[in-house]
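Novice: Provided below are the primary sequence and the corresponding predicted coordinates.
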Amino acid sequence: MRALWVVFALACRPPVSLQEGPDRASDTSGDTWDDSAPVELRNPDEAVDLDPDPSVVRVHLVAAPMTHRIGDVEIAGYAYNGQTPGPTLRAKVGDTLIVELVNDLDVETTIHWHGVAVPWAMDGVTWQSAPVPVGGDFIYTFTLNRAGTFWYHPHFDTERQVDLGLYGVLVVEDPADPVAEDERILVFDTWSEVHDHTEENPANHHSLGSLPTTWTVNGLVNPVVRGQGGDRVRVRAVNVSNTGYLDLDPSRKIAGDQGLLPFADETSRSLLGPGDRSDFEWAMDASWTLTSRGYSLAGGPAWEDPFDLLQVEVASPVDAVALSWPFDGGLPSEDPGTTDITYVFTGDSGAGGWMINGEQFPEVTIETVELGQEVVVEVRNLSASEHPFHLHGHHFEVLSTAGIPAPSLQIEDTVNVRIGEAVRLKLLADNPGDWMAHCHILPHAHLGMMTVLRVLP
Ligand code: C2O
Ligand code: CU
Ligand code: CU
């Protein structure tokens, strides 16, 4: 991966940020692809709250075509409000979010609120309802019941629209959290030279490993984060890549997909698969480089060399005292031992496609559960690829992985299932509707790896 960047660097003009906001103009000069002069990272611009009510956040999002540039590669893509990542939406737990979406794309679209338990009609899924037409609009409105780092993206022709730049972060703050001196939103994505989404070859550019792919952070290659010695930084990291995994250095992880962990985790590496989020607390006590181990969907670590994602440069480094987060120390549940639903993942990227229980969306058997039912789901991976399992409308607890009980309470909406392993999950079916359950490797979902869990009203 690293080697590819060097080849790129020699071959191209200075790269340009994906964000074309006015403050970005100065980033377009100089050899910014070169590690010696990295571009300074900034957070994606935030959406303006148009509602004076402090418990209502109302924002306007316009999805429209936009040309992205990475190095000398131009990608005719899409963006929300002219920026990729799209505007960060910021609210606090309990708030009502109102999003007025205008579709100025050349195709139909929707917005899905990844990780948020929204009413079914607001889920942005087009299985039984029409997408937002070209030139049309739609108002999404729902209450934010959990604090955490979430994200939004289309759920119509998802693989293509997300890949072309339609995504943004939704931050739901908890007023009980301590306020860090700085907060950084890190949106990780992969971009490749080939973005050929023709009819004949809709998934052309996705084959990570066979085409040059580079990671970006908020649209920048290996940017620099400047920090002030002694500061504590709350980092909200989101992996929006269609297929790419990150396996990050150990760091103080404080939150996962669904908000704060039961306690800070300083020991393990953090796997950030497609769709995953993690929050970290960084102490600005030294300059360092954030790297990822090479991690492939073809079987995990050791497939590639480690690669750099960004540089942290600290002015006057000095030790910082860790913040005290309101961790609740919650313990993992005991596995009831029974299984309500089993999903078996099989298939491949060839003509047969990807399957759940031998079926491909939309020709699937709908599993039905009662409202209020506690449901144990077992996801078994019998294929030769890893798959990040994602469920809409709910969050779940990871009971065990490959037969080993979860070492700590782990609440997620997206969880990786390794080759030949089974993951057992427990959820409370408290949100009526027909909820998508799918692999978040978007070309896999596109090729059928998606099913429906019906929670009866
Ligand atoms: Cu983030 Cu059904 O997706
Ligand atoms: Cu989702
Ligand atoms: Cu998959």
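Specialist: Structure's in. What do you need? Ligands and ions are numbered 1, 2, ... in the order given.
Novice: and stretch 256-276, which residues are buried?
Specialist: By neighbour count on 16 or more other Cβ atoms under 10 Å, the buried set for stretch 256-276 is 256-261, 264-265, 269-276. Quick note: C-beta positions are derived from backbone N, CA and C, even for glycine.
Novice: Kindly apply the preceding question to stretch 356-365 instead.
Specialist: Buried residues in stretch 356-365 (16+ other Cβ under 10 Å): I356, Q360, F361, V364.
Novice: for that stretch, how far is the first residue from the last?
Specialist: 10 Å (Cα to Cα, to the nearest Å).
Novice: got the residue ranges for the helices in this protein?
Specialist: In the chain, the helices defined using DSSP state H lie at 2-11, 158-163, 442-446.
Novice: The last one - what's its average pLDDT?
Specialist: Confidence over helix 442-446 (mean pLDDT, whole number) is 93.
Novice: Could you check that helix against ligand 3 for contacts?
Specialist: Yes: applying Cβ under 5 Å from the ion, one finds helix 442-446 in contact with ligand 3 at H444.
Novice: still on that earlier bit, output the buried residues of stretch 356-365 as CSV; include the columns distance to ligand 2 and pLDDT.
Specialist: Output for the buried residues of stretch 356-365, formatted as CSV (distance: Cβ to the ion, whole Å; pLDDT from 0 to 100):
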residue, distance to ligand 2, pLDDT
I356, 16, 98
Q360, 19, 97
F361, 14, 96
V364, 17, 97
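Novice: and which of the residues you listed is nearest to ligand 3?
Specialist: I356 (9.7 Å; Cβ to the ion).
Novice: Which pLDDT value belongs to the nearest residue to that closest one once chain neighbours are set aside?
Specialist: Closest residue to I356 apart from its sequence neighbours, by Cβ to Cβ, 6 or more residues apart in numbering: T451 at 4.7 Å. Listed pLDDT for T451 reads 98.
Novice: what's the answer for the one 3 residues further on, then?
Specialist: Residue-level confidence at R454 comes out at 98, pLDDT.
Novice: State the distance from it to ligand 1.
Specialist: 16 Å (Cβ to the nearest ligand atom, to the nearest Å).
Novice: burial of that residue, as a residue count?
Specialist: Neighbour count of R454, defined by other Cβ atoms under 10 Å: 14.
Novice: mind checking how far it is from F307?
Specialist: Distance, R454 to F307, by Cβ to Cβ, to the nearest Å: 42 Å.
Novice: Farthest from the middle of the chain: give me that residue.
Specialist: Here the centre of the chain is the reference, and by Cα atoms, centre = their mean the most remote residue is S316, at 33.1 Å.
Novice: Low-confidence regions, the stretch 101-250 of the chain specifically.
Specialist: For the stretch 101-250 of the chain, residues meeting the criterion pLDDT under 70 lie at 193-212.
Novice: who's in contact with the residue of it found nearest ligand 1?
Specialist: Distances between the stretch 101-250 of the chain and ligand 1 by Cβ to the nearest ligand atom are smallest at H114, namely 3.6 Å. H114 sits next to F150, W151, Y152, H153, G275, H390, D413, T414 when contact means Cβ atoms under 8 Å, 6 or more residues apart in numbering.
Novice: For the residue in the stretch 51-200 of the chain that ligand 3 sits nearest to, grab the count of nearby residues.
Specialist: Of all residues in the stretch 51-200 of the chain, E159 sits closest to ligand 3, at 11.6 Å by Cβ to the ion. For E159, the count of nearby residues is 21 (other Cβ under 10 Å).
Novice: try S296
Specialist: What S296 shows, counting by other Cβ under 10 Å, is a neighbour count of 18.
Novice: ok, now how distant is it from ligand 3?
Specialist: 13 Å (Cβ to the ion, to the nearest Å).
Novice: wait, doesn't that residue sit right on Y245?
Specialist: Yes: here S296 reaches Y245: they are 7.1 Å apart, a contact under Cβ atoms under 8 Å.
Novice: show me what contacts the nearest residue to R232 once chain neighbours are set aside?
Specialist: Nearest non-adjacent residue to R232, counting by Cβ to Cβ, 6+ apart: A180, 4.7 Å away. By Cβ under 8 Å, 6+ apart, the residues touching A180 are D231, R232, V233, R234, E281, L323.
Novice: ok so, going back, quick one: the closest residue to the residue farthest from the centre of the chain other than its chain neighbours and ligand 2, what's the gap?
Specialist: Excluding the flanking residues, the one nearest S316 by Cβ to Cβ, 6+ apart is G229, at 3.9 Å. Noted for G229: a distance of 39 Å to ligand 2, by Cβ to the ion.
Novice: Compute the number of surrounding residues for A130.
Specialist: 11.
Novice: Equivalent analysis for L97, please.
Specialist: 24.
Novice: ok now do it, which residues does it touch?
Specialist: Per Cβ under 8 Å, 6+ apart, neighbours of L97: V57, R58, V59, L89, A91, Y140, T141, F142, T143, L144, L170.
Novice: confidence score at it?
Specialist: Confidence for L97, expressed as pLDDT, is 98.
Novice: ok, now G352?
Specialist: 88.
Novice: same deal with D72?
Specialist: pLDDT, D72: 65.
Novice: same question, A76
Specialist: 86.
Novice: How much space separates the spatially closest residue to it that is not a sequence neighbour from K426?
Specialist: Ranked by Cβ to Cβ, 6+ apart and with sequence neighbours excluded, the top spatial neighbour of A76 is T67, at 5.8 Å. From T67 across to K426, the span is 45 Å (Cβ to Cβ).
Novice: out of the two, which sits in the busier spot?
Specialist: K426 (18 against 13).
Novice: Look up how far ligand 1 lies from the nearest residue to the more buried one once chain neighbours are set aside.
Specialist: Closest residue to K426 apart from its sequence neighbours, by Cβ to Cβ, 6+ apart: E397 at 4.8 Å. E397 sits 19 Å away from ligand 1, taking Cβ to the nearest ligand atom as the criterion.
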